[in-house]
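Engineer: 3D model of this:
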Amino acid sequence: MKTRLGCFVLSLGLFTFGCSGGETTPGNLDDTGGTGEDTGGTVDDTGTFEIGDDTSVVEDSTLGDTPTDTGPISDAPIFDVDGDTTCATTEVVAAKPPVDVILVIDQSGSMSDDIARVKANINKLSDYLKATGLDYRVVMIAKVGTTTYDMCTPPPLGGAATLCTDTTKPLRNSNPPIYRTSNQVIASTNALSLLLSTYDSTTVGIGWKDALRPEAFKAIIPITDDNSALAAASFDTSLLAKAPTGMFGTATARNYAAFPIMGSSTYPSEVKCGTTMVNNGPQYVSLVKLTGGKWFPLCATDFGPLFTDIAKSIASKVACELTVPPPPAGEVFDPGKVNVLYTPSTGGTVPIAKDDSKPCAGGANGWQYSADGKKIFLCGTACSGLKADPGGKVSVQFGCAGKPPPPPPDGGSCTPFGAACGDADACCAPLVCLPGPDGSPICRAKPPA
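Structural biologist: The predicted structure is shown next:
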């Protein structure tokens, strides 16, 4: 516990919560507040903000700090005090929205090799999602078993292999809460139709609605060398109408996207990827375009990199929408006293400017609150930079009035986070000039070795 002129800072694991001493009216997250201001002290290893010249701070030795801290530690940013001794700062890691992944696999006679590749590599999908820190779950719609055309997902994603043939266990190969099976055989062209009908089936071992979370982003992955007999638009209309209301979003704000593995060549080419493909899957192409997803070629001989690429696309889809966690009992946040920082997966810290001058889709470049104040959106180059580094983290600092991030250490000549760069440009440390999500070079974190 740290005390300071009647104000206290409470550390709870990753979250450190503070207060502003002179305020009597609680803030609320619906306010968009002001822009960030330098606040003076240093960031220590506990995430607690210390104000440089405040000698009234009482330190707890269990936190690993000392009352003699006088300068910055590591790459943490420095903020100026401006004489506000009642300021205390809360720093939290903003949570990415959870992700529910739904796979539905064509088990017709032409899919034997592809099913074998799925079995051998499906854990690459979950491994990458786990590495990014996403809270994910996986649903597998396919006949469960151990024959050539059946699905039996190996651990650690799937349950024990013996469960794949245990008819006394309706959920078979499930590994709750992370992995859920829907024991339904899928034919060449009915994957989307059966996804709809199995979702709210009342048959135990078939229905999987209870495995989803309303707040989670849904990634739908059909795997097939054929087309869908159900049109993409009809599937979309039926899926959005599913209960509970809003589970998959609305026509103007979908909470799902399609990432099929199918007969088309590498995205965005719609040409059939090989002679063994029945066709290029035009309805799946339409569904991807409708939902803003991406397709992947079933012709790939190694599904390991393919599943990793799908996981990267899913992580990128949710990278720029972050949930602000609530404070503990008795604490309030003043949204007008907020700073947002990006920590690349390779270390260092980069401040992100607040920009609520226009909507994200309208050209904003920085961060802003959602309309209800419960989320933080990253816009423009801030979003593209984070998409290129799914393992990066965004921290939200509450409690001290701020102003825009300080200028780069070289006086402003370096290129900031997420901005386009070229051979002659020098990115602000610790960033480097590398291809971004669309292949164009931007200043972003260097990938881990």
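Engineer: Point me to the helix or strand that includes L125.
Structural biologist: helix 112-131 (DSSP states H and E).
Engineer: how about G249, phi and psi?
Structural biologist: The phi/psi pair for G249 (degrees, to the nearest 10) reads phi 90, psi -160.
Engineer: if I pick it, what's in contact with it?
Structural biologist: Residues in contact with G249 (C-beta atoms under 8 Å, 6 or more residues apart in numbering) are 240, 255-256. (Glycine included, C-beta is placed from N, CA and C.)
Engineer: re earlier: for the helix holding L125, name the packing helices and strands.
Structural biologist: strand 99-105, strand 136-141, helix 303-318 (3 or more C-beta pairs under 8 Å, 6 or more residues apart in numbering; DSSP states H and E).
Engineer: which stretches of this protein aren't confidently modelled?
Structural biologist: Applying pLDDT under 70 to the chain flags residues 1-90, 325-332, 399-412, 423-425, 448-449.
Engineer: redo that, cut-off 90
Structural biologist: Residue ranges of the chain with pLDDT under 90: 1-97, 131-133, 316, 319, 321-357, 361, 363-366, 370-376, 380-382, 384-449.
Engineer: Kindly state the domain boundaries assigned to it.
Structural biologist: Split into domains by automatic domain parsing, the chain comes to 2-91+322-398, 99-318.
Engineer: Can I get the ones you listed in JSON lines including distance to C427?
Structural biologist: Conversion of these to JSON lines gives the following (distance: least, C-beta to C-beta, whole Å):
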{"stretch": "domain 2-91+322-398", "distance to C427": "10"}
{"stretch": "domain 99-318", "distance to C427": "20"}
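Engineer: so which of those gets nearest T415?
Structural biologist: Judged by C-beta to C-beta, the one of the domains of the chain that comes nearest to T415 is domain 2-91+322-398, at 9.7 Å.
Engineer: How many residues are close by the nearest residue to A426 once chain neighbours are set aside?
Structural biologist: Computed as C-beta to C-beta, 6 or more residues apart in numbering, the closest residue to A426 that is not its neighbour in sequence is C414, at 5.2 Å. C414 is flanked by 18 other residues according to other C-beta atoms under 10 Å.
Engineer: right, and C414 touches P430 too?
Structural biologist: No: shown here, C414 and P430 do not form a contact pair, counting by C-beta atoms under 8 Å, at 11.2 Å.
Engineer: dump the residue contacts of K375.
Structural biologist: 321-324, 369.
Engineer: now it, which residues is it bridged with?
Structural biologist: Beta-bridge partners recorded for K375 (DSSP bridges): T323.
Engineer: And the one 4 residues further on, by the same measure?
Structural biologist: Listed by DSSP bridges, the beta-bridge partners for C379 are G366.
Engineer: So what's the residue count around it?
Structural biologist: Neighbour number of C379 under other C-beta under 10 Å is 23.
Engineer: Contacts only, for it.
Structural biologist: Counting by C-beta under 8 Å, 6+ apart, C379 has contacts 320, 355, 360, 364-368.
Engineer: next one: K96
Structural biologist: Counting by C-beta under 8 Å, 6+ apart, K96 has contacts 132-135, 318-319, 321-323.
Engineer: Which members of those residues are classed as buried?
Structural biologist: Buried residues within those, defined by neighbour count using 16 or more other C-beta atoms under 10 Å: 132-134, 318-319, 321-322.
Engineer: Make JSON lines out of these and add distance to A160.
Structural biologist: As requested, the buried ones among the contacts of K96 are exported to JSON lines (distance: C-beta to C-beta, whole Å):
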{"residue": "T132", "distance to A160": "27"}
{"residue": "G133", "distance to A160": "27"}
{"residue": "L134", "distance to A160": "25"}
{"residue": "V318", "distance to A160": "31"}
{"residue": "A319", "distance to A160": "34"}
{"residue": "E321", "distance to A160": "36"}
{"residue": "L322", "distance to A160": "36"}
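Engineer: for those, which one is nearest A94?
Structural biologist: Once C-beta to C-beta is applied, the member of the buried ones among the contacts of K96 that ends up nearest A94 is L322, at 3.7 Å.
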